[in-house]
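> Got a predicted model here, sequence first, then my questions.
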Amino acid sequence: MLPLSSPSSPYVCKFVFMFMLVVNAASTECTTLKPDFYSESCPQLETIVRTVVSKAVQKEARMAASLMRLEFHDCFVQGCDGSVLLDNTANFTGEKDAIGNLNSLRGFDVIDEIKEWLERECPQTVSCADILALVARDSVVEVGGPSWTVEYGRRDGVTANITLANEELPSALNSGPQLQSNFESKGFNLQQMVALSGAHTIGYARCLPIAPSLYGKVTDDNSINRGYLLFLEKTCPNGAAPALVPLDNDTPAKFDKDYYTNLLLGNGALHSDRVMVDSAGGTVKDYVVSYAEDTESFFLDFAQAMVQMGRIQTLTGSQGQIRTNCHFVNPPPCSSSSSSSSSTKSTLKTTSNLGLHKLQHQNP
Ligand code: HEM
């Protein structure tokens, strides 16, 4: 029997069964992450996350897009370590303030709700990084996309780096070769890059990342449809316009292959989407065409690539920590003397810290 990770009936469609089979088979690559990591320590994990994600998406369909994007922005910057969730501290400016994230990332309150519930049910057990990986899967499923088996066992990082986030997150103004090299640096080939970009079948963009490609700063937009260009110009008359543009002009709340169909019609909202079908696109455009024709292969490749994304530079074993609040690194076990504060950094990186932290909670 296949380990269907989301057993509730609305999630099961004829595609899902097949995708689960292949995605599981692909995950025999070397990884220390495991689907059953929390089966004893927090068996309620998947039910809790599914309940909160489902409620959030029913309240606002766009939340599915915002939540799944968090996993991408977490994993592409110093690996899947939950660092995207860290607030600024005196020691570092976090990733939330990076160019691609500021006033753009959403859904932190949903992650908080999940974490609070999990801390009540299974204290100090489930990492914020694992929550993001599971939330991404459930968000995609919630709006009609493929399912996959989520692997767990990631631990949370203890620092975040705005400079790295500015360097590692792709920009909407990147050229095709820049995007390719960015995804290659994270272990993805061209086809996987195109499959992952299919995430833009849901959600919205602000005018801020769109406007520079409309008014002359970026010029290689051969593929844009004239009527769609006029629509974008009208919606985003200047970079400061507060409007939102759907990334998939037809069905922004449904995970389907329309993103690719729209690209081929010249209706790509972001410059980085349009370069995939630009005349210089070559092979990339072939992948767009094949996904536009075949939902099954898009769903399968997308699901596989998301599993692979979840394995980028993970912290496991005794590395990192299990944050009790995703916004902050756990407080040091004892900061009363200067000698203890000087050892804080190394202590936070060990599991023994977890034990000390538990003690601190028991003895306030
Ligand atoms: C190919 C490189 C990519 C670039 C340059 C890019 C860039 C962007 C930009 C500029 C936005 C709009 C942000 C805003 O206006 O606030 C956006 C939205 C979004 N991106 Fe990407 N992205 C890329 C790949 C991906 C990937 C790989 C995923 C996930 C697997 C993803 C998921 C999303 C989602 C779901 C949204 C909509 C979010 C919402 O509505 O809140 N993107 N992206």
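That came through fine. No experiment lies behind these values; they were computed from the predicted model shown.

> who's in contact with the residue in the stretch 101-250 of the chain positioned nearest to the ligand?
Distance from the ligand to each residue of the stretch 101-250 of the chain (CB to the nearest ligand atom) is smallest for residue 203, at 2.5 Å. Quick note: C-beta positions are derived from backbone N, CA and C, even for glycine. Neighbour list for residue 203: 62, 64-66, 69, 246-247, 252 [criterion: CB atoms under 8 Å, 6 or more residues apart in numbering].

> ok, residue 121 to residue 50 distance?
As judged by CB to CB, to the nearest Å, residue 121 and residue 50 stand 14 Å apart.

> quick one, which of the two is more surrounded?
The neighbour comparison of residue 121 against residue 50 (other CB atoms under 10 Å) goes to residue 50, with 21 against 15.

> Give me the neighbour count for residue 238.
So residue 238, with other CB under 10 Å, has 9 neighbours.

> quick one: residue 164 from residue 287, how far?
For residue 164, the distance to residue 287 equals 29 Å [CB to CB].

> Comparing the two, which shows the higher neighbour count?
For residue 164 versus residue 287, the count of surrounding residues by other CB under 10 Å is larger for residue 287: 24 against 15.

> now the helices for the stretch 1-150 of the chain?
Ranges of helices in the stretch 1-150 of the chain, per DSSP state H, counting those that start in this stretch, are 14-26, 45-59, 63-75, 108-121, 128-142.

> Make JSON lines out of the ones you listed and add mean pLDDT.
JSON lines is the format used below for the helices of the stretch 1-150 of the chain (pLDDT from 0 to 100):
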{"stretch": "helix 14-26", "mean pLDDT": "42"}
{"stretch": "helix 45-59", "mean pLDDT": "98"}
{"stretch": "helix 63-75", "mean pLDDT": "98"}
{"stretch": "helix 108-121", "mean pLDDT": "98"}
{"stretch": "helix 128-142", "mean pLDDT": "99"}
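
> Show me the one of the ones you listed that comes nearest residue 32.
Closest of the helices of the stretch 1-150 of the chain to residue 32 is helix 128-142, at 12.9 Å (criterion: CB to CB).

> Tell me if I'm right that residue 61 and residue 143 touch.
Yes: contact status for residue 61 versus residue 143: in contact at 6.8 Å, counting by CB atoms under 8 Å.

> Find residues that contact each of those two.
The contact lists of residue 61 and residue 143 share residue 253, where a contact means CB under 8 Å, 6+ apart.

> between those two, which one's more packed in?
The neighbour comparison of residue 61 against residue 143 (other CB under 10 Å) goes to residue 143, with 22 against 16.

> Enumerate every residue touching that one.
By CB under 8 Å, 6+ apart, the contact list for residue 143 reads 57, 61, 64-65, 202, 253-255.

> try 6 Å this time
64, 202, 254-255 (CB atoms under 6 Å, 6 or more residues apart in numbering).

> In contact with the residue of the stretch 251-364 of the chain found nearest the ligand, which residues?
Nearest residue of the stretch 251-364 of the chain to the ligand (CB to the nearest ligand atom) works out as residue 272 at 3.7 Å. Contact analysis of residue 272 by CB under 6 Å, 6+ apart lists 172, 174.

> 10 Å - rerun?
By CB atoms under 10 Å, 6 or more residues apart in numbering, the contact set of residue 272 is 170-176, 178-179, 182, 197, 200, 209, 213, 218.

> Buried only: go through these for me.
Those of the contacts of residue 272 that meet the buried threshold are 170-176, 179, 182, 197, 200, 209, 213, 218, by 16 or more other CB atoms under 10 Å.

> So which of those residues would count as near the ligand as well?
170-172, 174, 179, 197, 200, 209 (CB under 6 Å from any ligand atom).

> Those residues of the protein touching the ligand, which are they?
Residues of the chain found near the ligand (CB under 6 Å from any ligand atom) are 62, 65-66, 68-69, 72, 104, 106, 170-172, 174, 179, 196-197, 199-200, 202-206, 208-209, 247, 270, 272.
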